[in-house]
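A predicted structure for the sequence below; I have some questions about it.
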Amino acid sequence: MRENVRNALNEQIKKEFESAYLYLSMSAFFESLSLEGMAQWMKVQAKEEIEHGMRIFEHLKDRGERIELFEISKPKKEWKSPLEAFEEAYEHEKYITKSIDKVIEVARAEEDNATLVMLQWFVNEQIEEEASVLKIVDTLKRVHENPAALFMLDRQLGERK
């Protein structure tokens, strides 16, 4: 594996773990609002992001490459509303999609087919990630300030395992 591919993958591990940290912070925010369903949804999302980081970690390990864990940044902890938090989550998922695309460009330039195959899973996953968060954003926009509708949505999101 070329150094620039390895570096890009190590950087992507960092971004996946930063995503987990962000979603845990959002979970704590929702807990503070007694929106346990949204908190649960974000906890599950955080676990998925850790799994994503570990998928890249294992790819590097399996290829005999050096894994380097970079420092992750402290996440934001307050949002104006549930809508604002989910809008930020959506923007974050779009950022991660662009980041994956950049890693693909590096792997493609180096003709690293094994990494390209591994990254294809992430391409498909990001389509799903963006769509699921966007659906919640759209629902929150319709719910607006209706407490009963917000309660129902919170309850629905809490069913995510």
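Now that the structure is in, tell me what you want to look at. Numbering: from 1, shown residues only.

list the buried residues of the worst-scoring helix or strand of the chain on mean pLDDT.
Least confident helix or strand, the chain: helix 147-157 with a mean of 94, by mean pLDDT, DSSP states H and E. The neighbour-count check on helix 147-157 (16 or more other CB atoms under 10 Å) flags 150, 153-154, 157 as buried. (Each C-beta comes from the backbone N, C-alpha and C, glycine too.)

try stretch 52-71
Applying 16+ other CB under 10 Å to stretch 52-71 flags 52-53, 55-57, 59-60 as buried.

separation between residue 65 and residue 5?
Counting by CB to CB, to the nearest Å, the separation of residue 65 from residue 5 is 9 Å.

just checking, residue 130 touches residue 97?
Yes. Counting by CB atoms under 8 Å, residue 97 is a contact partner of residue 130 at 6.5 Å.

which parts of this structure are strands?
Taking DSSP state E as the criterion, the chain contains no strands.

low pLDDT regions in it?
For the chain, no stretch has pLDDT under 70.

most distant residue from the centre of it?
residue 148 (28.6 Å; CA atoms, centre = their mean).

dump the buried residues of helix 147-157 into CSV; add distance to residue 86 as well.
Below are the buried residues of helix 147-157 laid out as CSV (distance: CB to CB, whole Å):
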residue, distance to residue 86
150, 12
153, 10
154, 12
157, 10
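
between those, which sits nearest residue 115?
Nearest to residue 115 out of the buried residues of helix 147-157 is residue 157 (CB to CB; 34.2 Å).

contacts only, for that closest one.
37-38, 40-41, 136 (CB atoms under 8 Å, 6 or more residues apart in numbering).

among the buried residues of stretch 52-71, list the two that are farthest apart in space.
52 and 60 (13.5 Å).

and residue 3, how many neighbours does it have?
10 (other CB atoms under 10 Å).

show me the helices in this structure, by range?
Taking DSSP state H, the helices of the chain run over residues 3-32, 36-62, 82-109, 113-143, 147-157.

give me the angle between the second one and helix 3-32.
Between the direction of helix 36-62 and that of helix 3-32, the angle (axes from the mean of the first three to the mean of the last three CA atoms, to 10 degrees) works out to 160 degrees.
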